[in-house]
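1. Return a 3D structure for these sequence lines:
(2 chains)
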Amino acid sequence: MNEKISIELKKIVLWRLETIPPNFKLSVGNEGTFTKDELKQHIEKEDDIGVLFANMQLNFMKALASGEFSKALAE
Amino acid sequence: MKAIITMPNYDDATAYLYCYAEELVRFAEENGISIIQLKRPRLRRNVLEDSITKQNPQLLLFNAHGDKTTIYGDKIGRETEYLVREQENHQLLQGRLTYARACSAAASLGRKYTQKSGCFIGYNQPFSFWTDTSRTTTPLKDKIAQLFLEPSNELAIGLLRGKSARQAADIFVNLSKKNILHLLGRQDEPGAMASAMLLWNNMMAQKVLGNEEMNCT
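-> Presented below is the predicted three-dimensional model:
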């Protein structure tokens, strides 16, 4: 993955991470498991894990904004 | 019905998958389904290949790490051995119903082998889940991880019950939706929306490739 995280998206993702309890740990297949603080570091560094997590958040926000999320839940 | 299940257990993620896979084995045994468990030290590519060739199972349940072209098995020394890899031995899957609870294998490997026959249920992005750090030694008591792993277990149970690939995949989607709705009702609770976000990504990443009507009897 060569893409980077836009400044705006990075701010949003870091803000969202603040709302996650400290006992949460993310398991991402081959990549490993990551605490909230480790995820913050990956996002700041814009490495593969950071980009992956930011894109997950972006996909979710797009689905919320487009109505795809509500539509899927209603089906 | 004959099935094979792979059960690696060498890091946090596979430890969780292992415990959930044990639930599938229990279900199969209680229901008289012949299920071959591949776990250390038998979780090796040559054992899988032999088992498929000799036992001819209809259903393959992979609990594993994966990537676009590969489903992995156990960690041998510092290396994780591949079990199935595109262009190497992907023909093993042909004509069978496969569920890969593994990252990204639906992106290419699944497409490759279902071009001829069979069905592959998998994910074209990383299959991700939150865990509760206070529960890592007792994965089945981890209520956070349960939100993600129970829908995928119910999918596998659907296949063991003889449901079609599409019907079983729909179980995963419907249970994930149910969990999202549950979380939306508690959206002020810390972590609820982060869990909803991951459930959504897993739901969107799930793909059923090949013959969706295929089932095992």
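2. could you give me the average pLDDT of stretch A:60-67?
-> Averaged across stretch A:60-67, pLDDT comes to 96.
3. That should have said stretch B:98-110, apologies.
-> Confidence for stretch B:98-110, expressed as mean pLDDT, is 85.
4. Ends of that stretch, what's the gap?
-> Stretch B:98-110 has an end-to-end distance of 9 Å (criterion: Cα to Cα, to the nearest Å).
5. can that stretch be found next to chain A?
-> Yes: counting by Cβ under 8 Å from any Cβ of the partner chain, contacts between stretch B:98-110 and chain A involve B:102-104. For every residue, glycine as well, the C-beta is placed using N, CA and C.
6. What residues of stretch B:55-69 count as buried?
-> Neighbour counts over stretch B:55-69 (16 or more other Cβ atoms under 10 Å in any protein chain shown) mark B:57-69 as buried.
7. Run through who's touching stretch B:62-69.
-> Stretch B:62-69 is contacted by residues A:29-30, B:5-8, B:13-14, B:17-18, B:20-21, B:71-73, B:80, B:83-87, B:98-105, B:107-109, B:122 when judged by Cβ atoms under 8 Å, 6 or more residues apart in numbering or on different chains.
8. Kindly state the pLDDT recorded for B:Y113?
-> At B:Y113 the predicted local confidence, pLDDT, stands at 69.
9. Check the closest residue to B:N153 other than its chain neighbours and give its pLDDT.
-> Leaving out its chain neighbours, the residue that sits closest to B:N153 by Cβ to Cβ, 6 or more residues apart in numbering or on different chains is B:Y20, at 5.2 Å. pLDDT recorded at B:Y20 is 98.
10. I'd assumed B:Y20 was in a strand, is it?
-> No: assignment of B:Y20 by DSSP: H, G, I helix; E, B strand; the rest coil gives helix, placing it outside any strand.
11. need the contact list for it.
-> B:Y20 neighbours (Cβ under 8 Å, 6+ apart): B:63, B:139-140, B:149, B:152-153.
12. Of these, which count as buried by neighbour count?
-> Using 16+ other Cβ under 10 Å, the buried ones in the contacts of B:Y20 are B:63, B:139, B:149, B:152-153.
13. So among those, where is pLDDT lowest?
-> B:N63 (94).
14. contacts for the lowest-mean-pLDDT helix or strand in chain B?
-> Lowest mean confidence among the helices and strands of chain B (mean pLDDT, DSSP states H and E): helix B:109-114, at a mean of 76. By Cβ under 8 Å, 6+ apart, the surrounding residues in contact with helix B:109-114 are B:66, B:68-71, B:84-87, B:90-91, B:93-94, B:98, B:100, B:120, B:122, B:207, B:209-211.
15. For the one helix or strand A:L39 maps to, name the packing helices and strands.
-> If you go by DSSP states H and E, A:L39 is part of helix A:36-45. Packing contacts for helix A:36-45, counted by 3 or more Cβ pairs under 8 Å, 6 or more residues apart in numbering or on different chains; DSSP states H and E, involve helix A:7-18, helix A:48-66.
16. one step back: and the contacts of B:Y20 as JSON lines, adding secondary structure?
-> Shown next, in JSON lines, are these (three-state DSSP):
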{"residue": "B:N63", "secondary structure": "strand"}
{"residue": "B:P139", "secondary structure": "helix"}
{"residue": "B:L140", "secondary structure": "helix"}
{"residue": "B:L149", "secondary structure": "helix"}
{"residue": "B:S152", "secondary structure": "helix"}
{"residue": "B:N153", "secondary structure": "helix"}
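17. Kindly indicate which of those residues lies nearest B:G191.
-> B:G191 has its nearest neighbour among the contacts of B:Y20 in B:L149, at 16.3 Å by Cβ to Cβ.
18. wait, doesn't that closest one sit right on B:F129?
-> Yes: B:L149 is within contact range of B:F129, at 6.3 Å (criterion: Cβ atoms under 8 Å).
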